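> no sequence on this one, just coordinates:
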């Protein structure tokens, strides 16, 4: 991922993100229901509710708003200044960290019970995704969950492509994942998948996988290394 390029891209797309809040198709996932799903899985694992959540790449702030109205403390990390302003407008109680995840340094380790990354991880190369997941693991608390969603493809690949489902036709970096490759990759990076579901966005010809995972518990052998 080119940091400057992505700042430019999402500054350019901010207005369209805001418009899509009011122009959702019947096939797009309901963020209220998605947040309820994440909270249900979290409760199933820990028998308690999360204290806080960090969203990576919050877009127009719809997801953090849903967590916030449920009384959960919300933060977001956003690379685009215009997107950050949208998030603040739509979810005024959310604390915004403005910067890119590779270089950000002002997020406290072990703080967050949930880290939410919708359509985020696929903006990075596989090597960069390893760095991103290391940071996520550091920021997660002892009782925590990592939620992500991305599109599924017949084979895994990466490269630059046009974001074709927006009017502003801009080329950006994109990682494409085959389901088995993605699940194996998360496992290799120290995340245990506890639940997932797949949904089709027919009008945009996309299939999405939505994954809840937790940090693998270190065994006695691991901790002695």
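Nice, thanks for sending it over. All of these numbers come straight from a predicted model, not from anything done at the bench. Residues are numbered from 1 along each chain as shown.
> Secondary structure element holding the most centrally placed residue in the chain?
Centroid check for the chain by CA atoms, centre = their mean gives residue 117 as the closest residue, at 0.8 Å. Secondary structure from DSSP states H and E places residue 117 in strand 112-118.
> Tell me the confidence at the residue nearest to the centre of the chain?
Residue 117 carries a pLDDT value of 98.
> how far away is it from residue 153?
18 Å (CB to CB, to the nearest Å). Quick note: C-beta positions are derived from backbone N, CA and C, even for glycine.
> try residue 146
From residue 146 to residue 153 the distance is 21 Å (CB to CB).
> cool, residue 128 as well?
For residue 128 relative to residue 153 (CB to CB), the value is 18 Å.
> picking up where we left off before, which one of residue 146 and residue 153 has more residues nearby?
Each of residue 146 and residue 153 has its neighbours counted (other CB atoms under 10 Å); residue 146 has more, 25 against 17.
> Next, that one: secondary structure please.
What DSSP: H, G, I helix; E, B strand; the rest coil gives for residue 146 is strand.
> what sits opposite it in the beta ladder?
Counting by DSSP bridges, residue 146 is bridged to residue 115, residue 213.
> in the protein, which spans are strands?
52-56, 73-78, 95-98, 112-118, 140-151, 157-162, 171-176, 191-201, 206-215 (DSSP state E).
> Distance from the chain centre to the third one, please.
Spelled out, it's strand 95-98. 15 Å (CA atoms, centre = their mean, to the nearest Å).
> Run through who's touching that strand.
Applying CB atoms under 8 Å, 6 or more residues apart in numbering, the contact partners of strand 95-98 are 74-79, 81, 84, 87-88, 104, 106-107.
> Let's see if you can find the most crowded of those residues.
residue 87 (28 neighbours).
> coming back round to it: enumerate every residue touching the residue nearest to the centre of the chain.
Per CB under 8 Å, 6+ apart, neighbours of residue 117: 55, 56, 57, 136, 146, 147, 148, 149.
> Among the residues you listed, which one lies nearest to residue 40?
Each of the contacts of residue 117 was checked against residue 40 using CB to CB; the closest is residue 147, at 11.7 Å.
> Take the strands of the chain and write them to JSON lines, including distance to residue 34.
Converted to JSON lines, the strands of the chain look like this (distance: least, CB to CB, whole Å):
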{"stretch": "strand 52-56", "distance to residue 34": "12"}
{"stretch": "strand 73-78", "distance to residue 34": "15"}
{"stretch": "strand 95-98", "distance to residue 34": "21"}
{"stretch": "strand 112-118", "distance to residue 34": "8"}
{"stretch": "strand 140-151", "distance to residue 34": "8"}
{"stretch": "strand 157-162", "distance to residue 34": "25"}
{"stretch": "strand 171-176", "distance to residue 34": "21"}
{"stretch": "strand 191-201", "distance to residue 34": "10"}
{"stretch": "strand 206-215", "distance to residue 34": "7"}
